[in-house]
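[1] Mind folding the following:
(chains A and B)
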Amino acid sequence: MTSPFLFNNFIIFLSLNVKCFNCRLYFLSLQLYSIKLNFYILYILIAVLLFSFTAVFALFGVYAERKVSAFIQDRIGPAETGKYGSLQTFADILKMLQKEFIVPQAADKILFAAAPVIIFLSVYMGFAALPWAPGVVPASLNIGVLYVFAIVSIESIGILMAGWGSNNKYSLLGGLRSVAQVVSYEIPSGIAVISVVMIAQTLDLQLISMRQGISASETIKFLGFWDVSKTGGFLAWHIFQAPHLIVAYLIYFIASLAECNRAPFDIPEAESELVAGFHTEYTGLRFAFVFLGEYSMMFLVGMVGVLLFLGGWNTPLPNIGSLRLADWTTGIAWGILWTLLKVLLVVGVQMWIRWTLPRLRIDQLMGLCWKVLTPLAFLCMLISGVWRLMVMG
Amino acid sequence: MIIKKTINAVKTSWKGLFLTMKHIFALNKRRKSIDIKSDNYFEQKEGTVTVQYPGEKLPVPEVGRYQLHVEIDDCIVCDLCAKICPVDCIEIESIKATGAIGQTSDGSTKRLYAPKFDIDMAKCLYCGLCTVVCPTECITMTNQYDRSVTNISELTYRFSDMSPEEAEEKRKELALQQAERQAAKEAAAKAVQQKKQEE
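    Residues are numbered from 1 along each chain as shown, chains lettered A, B, ... in the order given. Sure, this is the predicted structure:
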């Protein structure tokens, strides 16, 4: 009876050690040599690092969103604050920090105050399991995919709390719509993800990214016939390993737009009907947190998509003969760079779509989810099974 | 049915996305702010349309229909503009002169002083009725539109060129003249009465 327990402990001990080692590489300059202290300080440092990353990304994201929308609509966007308006969002957040906390008299005070925290925390905690580069992951979990999906769906509870707690008809409608939408869209996105997991045979996000490039420990084949284990590059990404995963990625991408309440699925916020939806009553820093959660969510779903389908931190450049592009552009710094670039590209596409497509009506939204995406996702899962058995042997 | 619909949705979405992408790439072209009377006004079809206002202004016609101006030397203080104004933004006070003061540029004789001729541009709705009724065409609309002020009272434009002292002086003159006339009238009346009594 004791042996599995011991074994388990040993595994945890090992993984913690590996983690510490990775982190120490980064914080060597901080001279944190005392092992015991080191351990906790590193955890706090990583948490702070992730938080500052989400904050900086939200500031950048809002600026980029405003610029992209402006360019699409033949305007120039923020232009007065700083060069090309680059300090606009910093000015905005400074303004927001000084604003008063207004709590509506009829609001449920506790739910109202807790909702922004839960919305942000659920997204923020999702980042904990996402690998950034070979060996660089805040918390390496062997059920990473499951963890991310579980923790991120807590966001809809936060949204429902915000909607209900505000005691305002617009907020409540927004909250209801959001939950209906998030719960429905988790199904196609979850099944699309399962079709990848079936190919990868693991839930560990680090292992999933590892088998999409030159560091793969098994033989991986481009479209199932050409061995690209040593070639790497974009040829080894999941969507090119099995072509039906392109469809799975599209399903995941569409569903992820709905999950982060972005246009064309922004009926929970629907400015033209619901003022601002579930966050109508929020002011100041609380509103900032809702916004922060929203933009972090964009990055998070984009990053999960990149990890599962688009090669994660693997380079898009393949080895061509003696031109070892993939070998040269693989490493920790490169990994972080590729992750960032890919995710920012996906976020850019999210913005592009938001400023192009009109909002779906609620019945169209549900119709799309249940009548188109879900059957397609099931089909992808089926093909994945067949692919795994027949093509990959 | 649903397959056809889906394919159509994908097609039309792509069409829209392609269109917006084209606009993103046209961002370094700037549409110039050209006069609406220009022949190629509608030729500019690409590029950003933003006019960065204080730094760059749209050309406006010289005969604009923006803020009001009063050429007070030409005003005969007939009060027609104040009467027609739908929002009562014009306030005029008048003092009768003791005689003809002079002539306006179109030859009308001025018989009234205007110690007060205020137009509250904050109330004005730019209908232009006052300019239509003005018999001497002294109240006009100009091509000035950018008058931001920090104090709203600055939006009350005062067109009178008389100082309060001058106005007081004219009032006294008028009162004196009226008193004289009254006295003359009374004297005449008395004379008539006396004549009647004598008869």
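
[2] what residue ranges in chain A score low on pLDDT?
    For chain A, applying pLDDT under 70 flags the ranges A:1-37, A:393.

[3] Tell me how far the helix or strand hosting A:Y185 lies from the chain's centre.
    Here A:Y185, judged by DSSP states H and E, is contained in helix A:169-200. In terms of Cα atoms, centre = their mean, to the nearest Å, the centre of helix A:169-200 is found 14 Å from the chain centre.

[4] In the chain, mark out all the strands, start to finish.
    In the absence of a named chain, this looks at chain A. A:221-222, A:226-227 (DSSP state E).

[5] Chain B is the one I meant
    B:68-70, B:90-96, B:102-103, B:109-110, B:112-120, B:139-141, B:156-158.

[6] Any idea which of these has the lowest pLDDT on average?
    Ranked by mean pLDDT, the strands of chain B bottom out at strand B:102-103, with a mean of 84.

[7] other SSEs contacting it?
    Under the contact definition 3 or more Cβ pairs under 8 Å, 6 or more residues apart in numbering or on different chains; DSSP states H and E, strand B:102-103 sits against strand B:109-110. (Each C-beta comes from the backbone N, C-alpha and C, glycine too.)

[8] Partner strands of the strand it packs on and their direction?
    strand B:102-103 (antiparallel) (DSSP bridges).

[9] Find the centremost residue of the chain, please.
    Looking at chain A here, since you left the chain open. Centroid check for chain A by Cα atoms, centre = their mean gives A:L300 as the closest residue, at 1.6 Å.

[10] Actually, chain B is the one I wanted.
    Computing the C-alpha centroid of chain B and ranking residues by Cα atoms, centre = their mean puts B:L68 first, at 2.1 Å.

[11] what bridges to that residue?
    Under the criterion used (DSSP bridges), B:L68 bridges to B:M141.

[12] Which residue, other than its chain neighbours, is closest to A:S122?
    Leaving aside its sequence neighbours, A:S122 sits nearest to A:I154 (Cβ to Cβ, 6 or more residues apart in numbering or on different chains; 3.9 Å).

[13] now swap in A:V196 and tell me
    Using Cβ to Cβ, 6+ apart, the closest residue to A:V196 is A:L308 (4.8 Å).

[14] Kindly report the same for A:V290.
    Excluding the flanking residues, the one nearest A:V290 by Cβ to Cβ, 6+ apart is A:H279, at 4.6 Å.

[15] Now for that neighbour, how many residues are close by?
    28 (other Cβ atoms under 10 Å in any protein chain shown).

[16] Would you confirm that A:G385 contacts A:M198?
    Yes. Applying Cβ atoms under 8 Å, one finds A:G385 in contact with A:M198, separated by 6.1 Å.

[17] Mind checking which of those two has more residues around it?
    A:M198 (18 against 14).

[18] Identify the residues contacting the more buried one.
    By Cβ atoms under 8 Å, 6 or more residues apart in numbering or on different chains, the contact set of A:M198 is A:381, A:384-385, A:388.

[19] and which of those residues is nearest chain B?
    Distance ranking of these against chain B, using Cβ to the nearest Cβ, places A:M381 first at 18.8 Å.

[20] hmm, back to that, tell me the most buried of the strands of chain A?
    Of the strands of chain A, the one with the most neighbours on average (mean count of other Cβ atoms under 10 Å in any protein chain shown) is strand A:221-222, at a mean of 18.

[21] partners of it, with directions?
    Here, using DSSP bridges, strand A:221-222 pairs with strand A:226-227 (antiparallel).

[22] Tally up the residues packed near B:I3, please.
    8.

[23] what does chain B put close to chain A?
    Taking Cβ under 8 Å from any Cβ of the partner chain, the part of chain B that reaches chain A is made up of B:2, B:6, B:13, B:16-17, B:19-21, B:23-24, B:26-27, B:47-50, B:52.

[24] Looking at those residues, which are in helices?
    Under the assignment DSSP state H, the residues of chain B next to chain A contribute B:2, B:6, B:13, B:16-17, B:19-21, B:23-24 to helices.

[25] Pull up the per-residue confidence for B:A9.
    Per-residue pLDDT puts B:A9 at 85.

[26] on that earlier part again, report the buried members of the ones in helices among the residues of chain B next to chain A.
    Among these, those scoring as buried are B:17, B:20, B:23 (criterion: 16 or more other Cβ atoms under 10 Å in any protein chain shown).

[27] Mind putting those residues into TSV with pLDDT?
    Output for those, formatted as TSV (pLDDT from 0 to 100):
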residue	pLDDT
B:L17	90
B:T20	88
B:H23	85
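
[28] Now for chain B, the helix or strand with the poorest mean pLDDT.
    Every helix and strand in chain B was compared by mean pLDDT, DSSP states H and E; the lowest is strand B:102-103, with a mean of 84.

[29] Now do that strand: distance to the chain's middle.
    24 Å.

[30] Show me what it is in contact with.
    For strand B:102-103, the external contacting residues (Cβ under 8 Å, 6+ apart) are B:109-110.

[31] please redo it, this time with the cut-off set to 10 Å
    Residues outside strand B:102-103 that contact it (Cβ atoms under 10 Å, 6 or more residues apart in numbering or on different chains): B:73-74, B:76, B:109-111.

[32] Name the member of those residues with the most neighbours.
    Highest neighbour count within the contacts of strand B:102-103, by other Cβ under 10 Å: B:I76, with 21 neighbours.

[33] my read: that one touches B:S105, true?
    No. Shown here, B:I76 and B:S105 do not form a contact pair, counting by Cβ atoms under 10 Å, at 11.4 Å.

[34] how many other residues sit next to B:A189?
    10.

[35] OK, contacts around A:I159?
    Residues in contact with A:I159 (Cβ under 10 Å, 6+ apart) are A:115, A:118-119, A:122, A:171, A:174-179, A:181-182, A:261, A:268, A:277-279, A:290, A:293.

[36] how near is it to A:F149?
    Between A:I159 and A:F149 the computed distance is 17 Å (Cβ to Cβ, to the nearest Å).

[37] gap between A:F127 and chain B?
    Per Cβ to the nearest Cβ, to the nearest Å, A:F127 is found 29 Å from chain B.

[38] Can you give the domain ranges for chain B?
    Per automatic domain parsing, the structural domains of chain B span B:1-59, B:68-171.

[39] quick one: terminal-to-terminal distance for the longest one?
    Taking Cα to Cα, to the nearest Å, the first and last residues of domain B:68-171 lie 28 Å apart.

[40] Show me what from the stretch 151-300 of chain A comes close to chain B.
    The stretch 151-300 of chain A comes close to chain B at residues A:250, A:264, as judged by Cβ under 10 Å from any Cβ of the partner chain.

[41] Quick check: buried residues in stretch B:19-38?
    B:20, B:23, B:26-27, B:30.

[42] Could you dump those residues into a markdown table with distance to A:L205 added?
    Shown next, in a markdown table, are the buried residues of stretch B:19-38 (distance: Cβ to Cβ, whole Å):
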| residue | distance to A:L205 |
| --- | --- |
| B:T20 | 33 |
| B:H23 | 37 |
| B:A26 | 40 |
| B:L27 | 37 |
| B:R30 | 45 |
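
[43] out of these, who's nearest B:Q193?
    Taking Cβ to Cβ as the measure, B:Q193 sits nearest to B:R30 out of the buried residues of stretch B:19-38, at 87.8 Å.
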